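Trainee: Based on what follows, work out the 3D shape:
(chains A, B, C and D)
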2 protein chains.
Amino acid sequence: MMAITGWQAARDEALRRIRARDWPPGSRIPDEADLAAEWGVARATVNRALRDLADAGYLDRRRKGGTRVPVTPVRMATFAISIIRHDIEARGQVPGYRLLSDRIAPVPEALHAQLGAGAMRHVVALHTADGAPYCLEDRWLAPRIAEGIRFDTLSANEWLVGNVSFAEGTLAFHAIAADDALVRALACAPGAALLALDRETRDLAPITWVRLVYAPGYRMETGL
Amino acid sequence: MMAITGWQAARDEALRRIRARDWPPGSRIPDEADLAAEWGVARATVNRALRDLADAGYLDRRRKGGTRVPVTPVRMATFAISIIRHDIEARGQVPGYRLLSDRIAPVPEALHAQLGAGAMRHVVALHTADGAPYCLEDRWLAPRIAEGIRFDTLSANEWLVGNVSFAEGTLAFHAIAADDALVRALACAPGAALLALDRETRDLAPITWVRLVYAPGYRMETGL
DNA sequence: GAGTGGTCTAGACCACACG
DNA sequence: GTGTGGTCTAGACCACTCG
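Mentor: Prediction:
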C-alpha cells in the first residue's frame, strides 16, 4: 500500500510507473477502483489524476475499455499567445511600437478564402525590442471592428486582445523569405528566412487576419 | 434561475457571459457558491467548469481574491507532437522514409550546451509524402540509447516515440535558410525559407536532440 | 481574521463500448 | 448484459491571500 495523498501525488506516482515501464506501453493499468483502494484515496481523486495524464497524452482512457498506456503517445506542445509587448517585456527588453500604415484597401486574392472579397482596414506596424526590430504586424481588420480607434500608440494587437478576444480562430507557423517590405521593416538581408505566425480570428463573420513576421533568428520556444 | 445541467453546460454558460460582456474584462464574477445556487448544481460542478475556463486562459482565479475576467487573456495554442509518419498519413498522403546517414561523430560546438562535448550517434533521414520530400530529420542520439538498433526502415523518430517517450524536453520553432545539404535533401532552392522544429529530450542525461526541417511551404497549424 | 478557491470523500447514477 | 470511466452531489476541511 503506497502512501498517496492528493491527486497530484497520485498523478506523479502513475507517471513514475509509466516512465519506469511498470506499466508498459500498450498495457492496461488497474481500474480506478483498484488504484483508489491501493493508494487509500477516493476514486474521484484517482480519476482526477488519470484524467490529467490522459489530457497530457500519457494515457488513453475509454469507457469499458479501461485505461491504457499508449504505444505511441501524442504529446501536446503549448504556446502562450498574448500581447507582443508582454513577450518583449518578459525577455527583459524595452518594447517599442511604430505604426507604418493604416488605410482601407482591397483584400488580396490570397486572403479571399479567409476574409472574403472586398475592402478592409489594413494595418501595418512594427514592434521593437530595445530599439531593434522584433516583429512586423501585418493585419487585415473588418471595418466594423475598432471603428474610430487609432493605432498610433496602442497596437492593434493589444487593442484586439483586450476588446475582441475570447473568439474562435486558427493559427499556423510557417517560414517566409524576406521581401522588400520585410527587408525595410526588419532591417534584414533580402531573402532571409523568417518565422511567421498567421492567425485568423472570426466570430460569425471574419474579424481579423494577422501575420506576425519575426526578426531573423527568432525562436518560438516552449517546454514539453 | 438558469437551467444548467453538467459542468460543460456550466462552462458554456460562463463562456457565453464572458463573450457577451455580461462579465466584462477586469470584473469579478460571482463566487462558486452563488453560481452553484443560481444554476442549481453542486459547487464542485461550478468549480470544474470555471477551472476549465481558467486553464484555457479565459478566467483568473485566486483564493480569497475571487475569480476575474482577465483584461488581457493569455490563450494557449497547442500542437500535437507525434510520429511524422502519422502526420503524413493524416494528410491523406503515402509516407516514405530513407536513411541518409548513421554514424558516430563529434557533437558540433553549437550543441555542446544541450548535449555536452564528445561523440554521439548522428542520424540523418528523409521523410517523404507521396514520394516528395516532406521533412528532414537531423538527430544526435546518446550512444547508450537504441544501442544496436538500425534505422534503415524504422525511423529514429518512430523508435524513440515508442521507447524513450514520456521524458522531459524543450521544443522550439524557427526559420532557417536552405543550405547545400537541405537543398539536396528537400529538393528546394538554395536559401529557401524553411520551417524548423528543434526538440531536445533529456532524462537525467541528454537523450536526443533533433531538428526537423520541413519542405518549403509547410505550415504547422492548429485551432485556438 | 475571514472570504474564496482547492481539494477530498463516499456514494450514487449514467453513458458508452465491448463481448 | 456488464464493466469501466464520466460525472454529480453534499458536506467537509484546508490553504492561500486580501484587507
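Trainee: Per the annotation, how does chain A divide into domains?
Mentor: Annotated domains of chain A cover A:7-68, A:84-214 [automatic domain parsing].
Trainee: could I get these as TSV with distance to DNA strand D and mean pLDDT?
Mentor: Any C-beta I mention is one placed from the backbone N, CA and C, and that applies to glycine too. TSV is the format used below for those (distance: least, C-beta to the nearest atom of the strand, whole Å; pLDDT from 0 to 100):
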stretch	distance to DNA strand D	mean pLDDT
domain A:7-68	3	95
domain A:84-214	20	93
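Trainee: Could you dump these into CSV with distance to chain B added?
Mentor: Shown next, in CSV, are the domains of chain A (distance: least, C-beta to the nearest C-beta, whole Å):
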stretch, distance to chain B
domain A:7-68, 5
domain A:84-214, 4
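Trainee: With distance to B:Ala119 as new columns, can these be given to me in TSV?
Mentor: TSV is the format used below for those (distance: least, C-beta to C-beta, whole Å):
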stretch	distance to B:Ala119
domain A:7-68	27
domain A:84-214	30
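Trainee: And what about A:Phe151, helix, strand or coil?
Mentor: Under the three-state scheme (DSSP: H, G, I helix; E, B strand; the rest coil), A:Phe151 adopts coil.
Trainee: Go ahead and confirm A:Leu53 touches A:Arg68.
Mentor: No - the pair A:Leu53 / A:Arg68 is not scored as a contact, 11.6 Å apart, by C-beta atoms under 8 Å.
Trainee: who has more neighbours, those two?
Mentor: A:Leu53 (20 against 16; other C-beta atoms under 10 Å in any protein chain shown).
Trainee: I'd guess that one is in a helix, am I close?
Mentor: Yes - according to three-state DSSP, A:Leu53 belongs to a helix.
Trainee: now the spatially most central residue of chain A, nearest residue through space, not along the chain?
Mentor: Nearest residue to the geometric centre of chain A (C-alpha atoms, centre = their mean): A:Phe79, 4.0 Å. Of all residues not flanking A:Phe79 in the chain, B:Ala77 sits nearest, at 4.8 Å (C-beta to C-beta, 6 or more residues apart in numbering or on different chains).
Trainee: angle of the helix or strand containing the residue nearest to the centre of chain A against strand B:75-81?
Mentor: A:Phe79 belongs to strand A:75-81 when elements are defined using DSSP states H and E. Interaxial angle, strand A:75-81 versus strand B:75-81 (axes from the mean of the first three to the mean of the last three C-alpha atoms, to 10 degrees): 150 degrees.
Trainee: what separates strand A:75-81 from the chain centre, distance-wise?
Mentor: Counting by C-alpha atoms, centre = their mean, to the nearest Å, strand A:75-81 is centred 6 Å from the centre of its parent chain.
Trainee: which residues in chain A form helices?
Mentor: A:7-19, A:32-39, A:43-55, A:84-90, A:112-115, A:156-163, A:180-186 (DSSP state H).
Trainee: on contacts alone, who are the packing partners of the last one?
Mentor: The contact analysis (3 or more C-beta pairs under 8 Å, 6 or more residues apart in numbering or on different chains; DSSP states H and E) places helix A:180-186 against strand A:119-129, strand A:132-141.
Trainee: deepest of the ones you listed, which one?
Mentor: Of all those, strand A:132-141 has the most neighbours on average by mean count of other C-beta atoms under 10 Å in any protein chain shown, namely a mean of 22.
Trainee: residues making contact with that one?
Mentor: A:84, A:88, A:93, A:95, A:107, A:111, A:115, A:120-128, A:155-157, A:182, A:185-188, A:207-215, A:218 (C-beta atoms under 8 Å, 6 or more residues apart in numbering or on different chains).
Trainee: How about the contacts made by A:Ser101?
Mentor: So A:Ser101 contacts A:122-124 (C-beta under 8 Å, 6+ apart).
Trainee: Show me which of the residues you listed is closest to A:Thr201.
Mentor: A:Val123 (13.8 Å; C-beta to C-beta).
Trainee: Tell me which residues touch the closest one, please.
Mentor: Counted by C-beta under 8 Å, 6+ apart, A:Val123 has contacts A:99, A:101-102, A:137, A:139-141, A:151, A:156.
Trainee: one more time with 6 Å, if that's ok
Mentor: When contacts are counted by C-beta atoms under 6 Å, 6 or more residues apart in numbering or on different chains, A:Val123 touches A:102, A:139, A:151, A:156.
Trainee: which among those residues end up buried?
Mentor: A:102, A:139, A:151, A:156 (16 or more other C-beta atoms under 10 Å in any protein chain shown).
Trainee: Give the buried residues for stretch A:86-99.
Mentor: A:87-88, A:95-97, A:99.
Trainee: no wait, stretch A:67-82
Mentor: A:67-70, A:73-75, A:77, A:79, A:81-82.
Trainee: Please apply the same query to stretch A:161-169.
Mentor: Result for stretch A:161-169 [16+ other C-beta under 10 Å]: buried residues A:161-162, A:164-166, A:169.
Trainee: between the residues you listed, which is nearest B:Ala49?
Mentor: The closest of those, once distances to B:Ala49 are taken by C-beta to C-beta, is A:Phe166, at 15.6 Å.
Trainee: so how far is B:Asp34 from the spatially closest residue to that closest one that is not a sequence neighbour?
Mentor: Spatially, and ignoring its direct neighbours in sequence, A:Phe166 is nearest to B:Arg19 (4.9 Å; C-beta to C-beta, 6+ apart). For B:Arg19, the distance to B:Asp34 (C-beta to C-beta, to the nearest Å) stands at 21 Å.
Trainee: Then A:Gly40?
Mentor: With C-beta to C-beta as the criterion, A:Gly40 and B:Asp34 are 34 Å apart.
Trainee: Same question for A:Ile145.
Mentor: A:Ile145 is 34 Å from B:Asp34, by C-beta to C-beta.
Trainee: Compare those two and say which is more crowded by neighbours.
Mentor: Taking other C-beta under 10 Å, A:Ile145 and B:Asp34 do not tie; A:Ile145 has more neighbours (20 against 12).
Trainee: got the contact list for the more buried one?
Mentor: By C-beta under 6 Å, 6+ apart, the neighbours of A:Ile145 are A:Ile207.
Trainee: do that again at 8 Å, thanks
Mentor: A:160, A:164, A:207-208.
Trainee: Over to A:Leu100?
Mentor: Here A:Leu100 is in contact with A:124-126, A:185 (criterion: C-beta under 8 Å, 6+ apart).
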